[in-house]
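**Student:** quick one, fold the following:
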Amino acid sequence: MNRGFNIFALMRGDPELYELLGKLEIPFDYHAHPAVPTVEEAARYWKDLDATHCKNLFFRNHKGNRHYLVVLDHRRELNIKDLEQRLKQGKLSFASPKRLQKYLGLTPGSVTPFGLINDTDRHVHLFLDEELQGSESISFHPCINTASIIVKYRDFLRFLGHCGNTWEYVRMYD
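**Tutor:** As a prediction, this is how the structure comes out:
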């Protein structure tokens, strides 16, 4: 027996995330793939995976003092003007790579709610499309865009509870 061997060391992504998922007893399916900085590219590798795959968008408000992570089904198109009306947070714009790194510890193309493990001040507010509630399983990058992991939706909610960031469901479409 090889004592001290860590299977998570072989997986792409944030080792702290895998450690936390283990601590929370959240099982997951791991899928490595080439770097996919856009949802369109990632969809090629998701086609045989049974889960709701998500688009994750990181915004800031007009003043730059509030940041939001918006999560929705990857097949949905999002109108930012409409989103501003629905979220009632004022004018929104995409946050810079510097802000993404500061608040979520992520780089562009790797945006994921799993980055909330790096938001120790719980600054980022999460908006989930209410339609995601019907998902059995859900997938995200593990803080890097060269892999995807699938968790049960109920386990994802436990993960959010552990992180402690504020979050809410929003109806994003009519």
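
**Student:** can we go C-alpha only for contacts and neighbour counts from here?
**Tutor:** Fine.

**Student:** just the C-alpha atoms of the longest helix belonging to the chain, please, in PDB.
**Tutor:** The residue-count maximum for a helix in the chain (DSSP state H) belongs to helix 153-163. Taking Å, rounded to 0.1, in the frame of the first residue of the first chain, the C-alpha atoms of helix 153-163 are listed here in PDB:
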ATOM      1  CA  TYR A 153     -27.600  19.700  -7.000                       C
ATOM      2  CA  ARG A 154     -28.500  19.200  -3.400                       C
ATOM      3  CA  ASP A 155     -24.700  18.700  -2.600                       C
ATOM      4  CA  PHE A 156     -24.000  22.000  -4.500                       C
ATOM      5  CA  LEU A 157     -26.400  23.700  -2.100                       C
ATOM      6  CA  ARG A 158     -24.600  22.200   0.800                       C
ATOM      7  CA  PHE A 159     -21.300  23.600  -0.600                       C
ATOM      8  CA  LEU A 160     -22.900  27.100  -0.900                       C
ATOM      9  CA  GLY A 161     -24.000  26.800   2.700                       C
ATOM     10  CA  HIS A 162     -20.500  26.000   3.800                       C
ATOM     11  CA  CYS A 163     -19.000  28.900   1.900                       C
END
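
**Student:** check the spacing between Asp82 and Gly161 real quick.
**Tutor:** Applying CA to CA, to the nearest Å, the value for Asp82 to Gly161 is 28 Å.

**Student:** any chance you could list what contacts the helix or strand of the chain with the lowest mean pLDDT?
**Tutor:** Lowest on mean pLDDT, DSSP states H and E among the helices and strands of the chain sits helix 39-46, with a mean of 83. The contact list for helix 39-46 (CA atoms under 8 Å, 6 or more residues apart in numbering) reads 33, 36, 53, 55, 74.
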